[in-house]
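Visitor: Quick one: sequence plus predicted model below, questions after.
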Amino acid sequence: MRELVALDMYQTAGVGVLALLLGMFFTRTIPFLKRFCIPAPVSGGIVISLLTLAAYSILGVEFSFDGTIRDISMMLFFTSVGFQSDMRLPVGPERY
């Protein structure tokens with residue numbers, strides 16, 4: 001039988017901040033992520049996704065995240081990805 005862990009809005013935001021911090025750490029330390037401009041929220045989100053998958057598969061724990069702040073969080077995420085872009089990069093890294 002699966003155990004359900006329901007996270008409220010604050011706990012969900014905390015997991016999001018943890019994902020961002022993990023992503024910042026991995027993006028700085030793994031050259032592949034930095035070279036291909038993988039944003040920190042993406043790499044951190046993948047780590048959190050893999051951890052929840054492992055918890056579900058191995059321990060039988062299912063997580064339920066509160067979706068109250070989902071829309072504003074998605075808007076902030078895509079805005080931050082846009083701010084991280086560099087328009088000189090499509091020209092080629094050797095030219096600037």
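Guide: All right, it came through fine. Owing to the predicted nature of the structure, the values given are computational and were not obtained by experimental measurement.

Visitor: so where's this protein uncertain?
Guide: Scanning the chain for pLDDT under 70 picks out 84-96.

Visitor: at 90 what do you get?
Guide: 1-2, 34-41, 67-96 (pLDDT under 90).

Visitor: if you skip the residues just before and after it, what's nearest to the residue nearest in space to the middle of the chain?
Guide: Most central in the chain under Cα atoms, centre = their mean is G45, positioned 2.6 Å from the mean C-alpha point. Nearest residue to G45 in three dimensions, chain neighbours excluded: A19, at 5.2 Å (Cβ to Cβ, 6 or more residues apart in numbering). The way it works is simple: take the backbone N, C-alpha and C, and place the C-beta from them, glycine included.

Visitor: Report the spatially closest residue to I38, excluding sequence-adjacent ones.
Guide: Spatial nearest neighbour of I38, chain neighbours left out: T27 (6.4 Å); criterion: Cβ to Cβ, 6+ apart.

Visitor: how much space between the closest residue to M1 other than its chain neighbours and T12?
Guide: Nearest-residue entry for M1: G60, 7.2 Å, with adjacent residues in sequence omitted and distances by Cβ to Cβ, 6+ apart. Distance of G60 to T12, computed by Cβ to Cβ, to the nearest Å: 21 Å.
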